[in-house]
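**Q** sequence and predicted structure below; questions after.
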Amino acid sequence: MAFLLSPNVYAFCFSSLNNIKVASSFRDDRFRSKITGLTESGTTSTGTAISFSPNVHSTLSLPSFLVHRQHLLRGGAMSSSTKHNLSTSSSSTDTSIATASSATSTSTRKSSTDTDNNNSKDIKTETTNMTPSPKLSALRSKMKSLGIHCYVIPTDDPHLSEYVPEAYMRRAFLTGFTGSAGTAIVTADEAFLWTDSRYFNEAGLQLDADHWTLMKQGLPKVPTIIKFLTKQATDKYKSEKEVFQVGLDAYVHSASFAKELTEAFEKAAADIGDTDDQSIPTVGTINTLDSESNLIDEIWGNERPPIPTSPFRVHPIEYAGCTVEDKLDEIRDQMKEKKATLSVFSALDDVAYLLNVRAMGDVSTCPVGIAYATVEMDTASIYCDPAKICSDQVRAHFENAGIVIKPYDSIVPDITTHISAVKRSKVWIDKKRANYAISRIIPDANIIDEQNAVTPMKSTKNAAEMEGMRKAHIVDGVAMAHFISWLENQIVNNGKSVSEVEIDEVLMNYRAQQPGYLEDSFPTIAGVGSNGAIIHYRAKKGSDLMKFLDHKNPILIDSGGQYEYGTTDVTRTWHFGQADSKFIDCYTRVLKGNIGVDSMIFPENTPGFVLDVFARKFLWEAGIDYGHGTGHGVGAALNVHEGPQSISPRWANKEVLKKGMVLSNEPGYYEDGNFGIRIENLLEVTYVQEEDNNAYDNDIKEGDEGFPKKEIGQKTFLKFNKLTMIPIQKSLIDVKLMSVEELDW
């Protein structure tokens, strides 16, 4: 069933869950050191587990160090109004939310995102006080001394992570743009930033237009980075007969980028030829500057944050559902089939999944730790800072699984040694998910460049992982019921306006009360009015953009939690006053698209892009659309964005949807300068027929006794089950647009 807001919705949530105790413990030493002794807000210095009443009407007693643990991480302090509200709040007894009229509507903007795996949420960092001009001058001086004509600065870390530790936020430091996706290129006299349309608005506000040109990726006359660099190289060769040198750090670029750029240079050279002797010139080349450190680090200097070394913790088998030994056996079976002698895992969530460990603090909101892993036929290794393995439990966990602990920087020389020492060596590595520094040392004759074995294992959750995800969504529903009751009470009953920052703080507080809560799964997006149209907006105290919610404007809230046993991600759009007819029409069409995907039944081997049209159909009928993808994969107590599955109009991702996958379902609509609407639930993929589910859960394969019999040509069908258990505002629905089946949903 769908959970639509009704006068009894909060009572429903708690009557169903009255046996869940809301308790939390303060697990993060980084925050403990900042908080101990803060008596002004009534906190204690013990850092021990604290219990709370589950009654939604109770006065909140959560200590302020849990209320704003992530707020403190970004250097903020709790507002006095938040302190007051958290100590005096009481819930509304009237949970109805009215409809009707609100102001203005002007330009229509179709926001866009890279959706094959991500509607990515931002990780913000404070940059130095150094202004763009000195930074660029220092970089250009270094470039000139090294003989390079441009330098490429991506968002990535050595593991090509979506979210990166602050120490690797080099692009943000140099440009001032803090969005989670973008690449900067600096030449001798110009500087450019490429980003997709999720961030056009934000980048335009944050970049210094006197020094930076915003390249709006995907627009008709904007070249790709590869085409831009190729033209630069071609023009330079034609005018000066000089080879264009592209400088980059091989550890933060993918092998696929380097390959594509090299091939583009070769093609351009072949097209040019040499008019004198018909030979093929070299127009451009990549210089990885191996004898230099990353050029941005020299400019950043002592202000650069240290590379984090947060300790690993064991992810319990009750949540993992599969031992490390069993995972290694599966990988080695596949290695035998491919004749691979070594498998290399670079992505942080691959390493965490494979070794049944998690960490908190290396990458904000992502429960992963900085490490590589390799698997051979008789051994497996983790490469990390020794400070990350400081507990006897983790050491014993690795020892029992036969995992060898090695220094982080040994990964490249160890791969080189393996290739030279092992006869007929074959290294299995996914070059799209591995940095250029690693992949370039593997000769073509020794590489198996394919999706690694962990990626599909991780994406299809086992029974224990799925049970953890269901539990996480139950407690997340409790937290959101608390929160929306508080928010409605403040706006409707008390007549107050509430800042976007305070909304973020209070929502995190309610999640922090739930058992097993660790941190948010991404920075909360709370956009009032026009800020809701900024796809990855993040409220910041003191910002000119920050707004206050009242009964006149809608709010879009996209948020989620990391729990010991699961990960959540949900978006809701609310209006506590009278919404106008256009807003209601758009909201209803977005909801119909959400229901359209949610209720789909489809055969096995269906790729996600096939379903995308069902989310957009009703918007298209009104001549409107949204530019981001409809759904991304979600990890089980892992990253909130996980591949390879997605629901997106980008047909290049042909990954089929499978039983056990978890995806978001998040159609939306955005009017720049006016409002944003998005409704997001998480869904699990499951079989329509229970006998197929039973076979899957009991690992009964085709050909085994007990496998469901099928007629020749008979297909097996899949559907979605809802995970998210959070209300949708009924008063924003135009029932005249809804079918009977949609109303029954």
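**A** Everything's here; your move.
**Q** low-scoring pLDDT stretches of the stretch 301-450 of the chain, where are they?
**A** Of all residues in the stretch 301-450 of the chain, none has pLDDT under 70.
**Q** which residue ranges form the strands in it?
**A** Using DSSP state E, counting those that start in this stretch, the strands of the stretch 301-450 of the chain run over 312-314, 342-345, 357-359, 372-376, 380-383, 403-406, 427-429, 447-449.
**Q** ok, the stretch 451-600 of the chain next?
**A** Counting by DSSP E, counting those that start in this stretch, the segments of the stretch 451-600 of the chain that form strands are 498-499, 517-520, 525-528, 548-549, 554-559, 561-563, 566-567, 570-575.
**Q** deepest of the ones you listed, which one?
**A** For those, average neighbour numbers computed from mean count of other CB atoms under 10 Å are highest in strand 566-567, which has a mean of 30. For every residue, glycine as well, the C-beta is placed using N, CA and C.
**Q** can you list the strands that that strand pairs with?
**A** Note on strand 566-567: by DSSP bridges, its sheet partners are strand 561-563 (antiparallel).
**Q** so what touches the partner strand?
**A** Contacts with strand 561-563, where a contact means CB atoms under 8 Å, 6 or more residues apart in numbering, come from 365, 367, 468, 471-472, 475-476, 479, 511, 514, 516-521, 567-568, 637, 640.
**Q** now swap in stretch 398-415 and tell me
**A** Stretch 398-415 is touched from outside by 323-325, 328, 342, 344, 355, 370-372, 374, 379-386, 389, 395, 427, 437-438, 441-442, with contacts defined as CB under 8 Å, 6+ apart.
**Q** now these: which count as buried?
**A** Neighbour counting over the contacts of stretch 398-415 (16 or more other CB atoms under 10 Å) leaves 324, 328, 342, 344, 355, 370-372, 374, 380-385, 389, 427, 437-438, 442 as the buried ones.
**Q** distance of P311 from N639?
**A** Distance, P311 to N639, by CB to CB, to the nearest Å: 19 Å.
**Q** between those two, point out the one with more neighbours.
**A** When P311 and N639 are compared for neighbours, N639 comes out ahead with 29 against 18, by other CB atoms under 10 Å.
**Q** and the more buried one, helix, strand or coil?
**A** Here N639 is coil, with the state taken from DSSP: H, G, I helix; E, B strand; the rest coil.
**Q** can you pull the pLDDT of D544?
**A** Looking at D544, its pLDDT is 84.
**Q** show the pLDDT at the residue positioned nearest the centre of the chain.
**A** Nearest to the geometric centre of the chain sits H641, at 4.0 Å (CA atoms, centre = their mean). pLDDT, H641: 96.
**Q** my guess is it contacts G633, does it?
**A** Yes - using CB atoms under 8 Å, H641 is in contact with G633, at 7.1 Å.
**Q** thinking again about what came up before, can I get the strands of the stretch 451-600 of the chain in CSV with distance to P134?
**A** Formatted as CSV, these follow (distance: least, CB to CB, whole Å):
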stretch, distance to P134
strand 498-499, 34
strand 517-520, 35
strand 525-528, 33
strand 548-549, 37
strand 554-559, 36
strand 561-563, 38
strand 566-567, 41
strand 570-575, 40
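**Q** so which of the ones you listed gets nearest E292?
**A** Closest approach to E292 among these is made by strand 517-520 (35.7 Å; CB to CB).
**Q** tell me where the stretch 351-500 of the chain has helices.
**A** 392-401, 411-421, 436-439, 454-459, 463-488, 500-512 (DSSP state H, counting those that start in this stretch).
**Q** and the first one, how far from the chain's centre?
**A** Helix 392-401 sits 29 Å away from the centroid of its parent chain (CA atoms, centre = their mean, to the nearest Å).
**Q** please begin residue numbering at 384 from this point
**A** Right, with 384 as the first residue, what we last looked at is helix 775-784.
**Q** alpha carbons of it, as PDB, please.
**A** Provided in PDB are the C-alpha atoms of helix 775-784 (Å, rounded to 0.1, in the frame of the first residue of the first chain):
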ATOM      1  CA  ASP A 775      41.800  -6.600  17.800                       C
ATOM      2  CA  GLN A 776      38.400  -7.600  16.400                       C
ATOM      3  CA  VAL A 777      39.200  -6.300  12.900                       C
ATOM      4  CA  ARG A 778      42.600  -8.000  13.000                       C
ATOM      5  CA  ALA A 779      41.100 -11.300  14.000                       C
ATOM      6  CA  HIS A 780      38.400 -10.900  11.300                       C
ATOM      7  CA  PHE A 781      41.000 -10.500   8.600                       C
ATOM      8  CA  GLU A 782      43.200 -13.200  10.000                       C
ATOM      9  CA  ASN A 783      40.300 -15.700  10.100                       C
ATOM     10  CA  ALA A 784      39.400 -14.900   6.500                       C
END
